[in-house]
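K.L.:
curious how this folds, go ahead:
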Amino acid sequence: MTTQSRVSAIEHKTDALLPLSLMFLTLISLMFAARSLGAAVDQPVEDVQISGRIASSLTVTEQELLPVFPEVEGDNLEKKSFHLPWDFEGQANLVFIAFHRPQQAEVDTWLPFVKSLADRNAGVRFYELPTISSRVGMARYFIDKGMRRGIPDRRAREVTITLYLEKEAFRQALEIPDEKSIHVLLVGKEGRIHWRAEGAMTEESAAGLERALARRLRANERLSGFKLADAAPLLESAALEE
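P.N.:
Take a look at the predicted model:
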């Protein structure tokens, strides 16, 4: 074989291998891209900002990284058992967590406003969760009896679910640092926490709650239980705020 023939043969082999090389390089690039995407999706929840304003405006995909209300069991003051968060009845559930009896005064600052939201929107429910240490033992009977006597309104008894549990573990799951004040959570039907506030209601926290509810209505099909006419006041309020 002449030198020219050998060169031609080499060039022919090179031309044949070039598409395969390009395919190999493309495959490697796709593998690295997939690994990068996987790392982004698999980031832990604690790396995601979840303050009230930010969490309520996340996309549906990003909301999958939001914290989930921990699984707990309790009875309401009408002796009905609940397995939470699965037994929350609303598409959007406003949950008031209190740790000490005097904190009922903070809960009461929210109730008129929250009741008006529930009256205007069929998918909204609210619950009071007095949180008590499971170490009280036999005193539980007397605590429940005293609470029933202290709440004459049957509807209020139905939405008051007493939790007897390990309080520190419960607080850690909800990222609640202490028991100094109540915490208010907006919990979706799927159990994810989309908004939160602490303490008595203020104009700022009330406006934040309205915006969070409006965004949930617009962004998440899980709130399909809302009627458009019921949602209009919240959407108008959010539009004015923005």
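
K.L.:
what's the burial count for the closest residue to residue 185 other than its chain neighbours?
P.N.:
Taking C-beta to C-beta, 6 or more residues apart in numbering, and ignoring the residues beside it in sequence, residue 185 has residue 95 as its nearest neighbour in space, at 4.5 Å. For every residue, glycine as well, the C-beta is placed using N, CA and C. If you count neighbours by other C-beta atoms under 10 Å, residue 95 ends up with 22.

K.L.:
what do you get for residue 81?
P.N.:
Using other C-beta under 10 Å: residue 81 sits among 10 other residues.

K.L.:
same check, this time on residue 172
P.N.:
Neighbours of residue 172 (other C-beta under 10 Å): 12.

K.L.:
in three-state terms, label it for me.
P.N.:
Using DSSP: H, G, I helix; E, B strand; the rest coil, the structure places residue 172 in helix.

K.L.:
what does the one 5 residues further on give?
P.N.:
For residue 177, the assignment made with three-state DSSP gives coil.

K.L.:
contacts only, for it.
P.N.:
Taking C-beta atoms under 8 Å, 6 or more residues apart in numbering as the contact definition, residue 177 lies against residue 171.

K.L.:
which strand or helix spans the closest residue to residue 140 other than its chain neighbours?
P.N.:
Closest residue in space to residue 140, ignoring its immediate chain neighbours: residue 164 at 5.9 Å, by C-beta to C-beta, 6+ apart. Using DSSP states H and E, residue 164 sits within strand 161-165.

K.L.:
quick one: the strands in the chain?
P.N.:
Here the chain has its strands, by DSSP state E, at 72-76, 81-84, 92-98, 124-133, 161-165, 183-188, 193-198.

K.L.:
of those, give the one that comes closest to residue 116.
P.N.:
Nearest to residue 116 among the strands of the chain is strand 124-133 (10.0 Å), distances taken as C-beta to C-beta.

K.L.:
residues of the closest one that come out buried?
P.N.:
124, 125, 126, 127, 128, 129, 130, 131, 132 (16 or more other C-beta atoms under 10 Å).

K.L.:
report all helices and strands that that strand contacts.
P.N.:
Packed against strand 124-133, as judged by 3 or more C-beta pairs under 8 Å, 6 or more residues apart in numbering; DSSP states H and E, are the following elements: strand 92-98, helix 104-120, helix 139-150, strand 161-165, helix 167-174.
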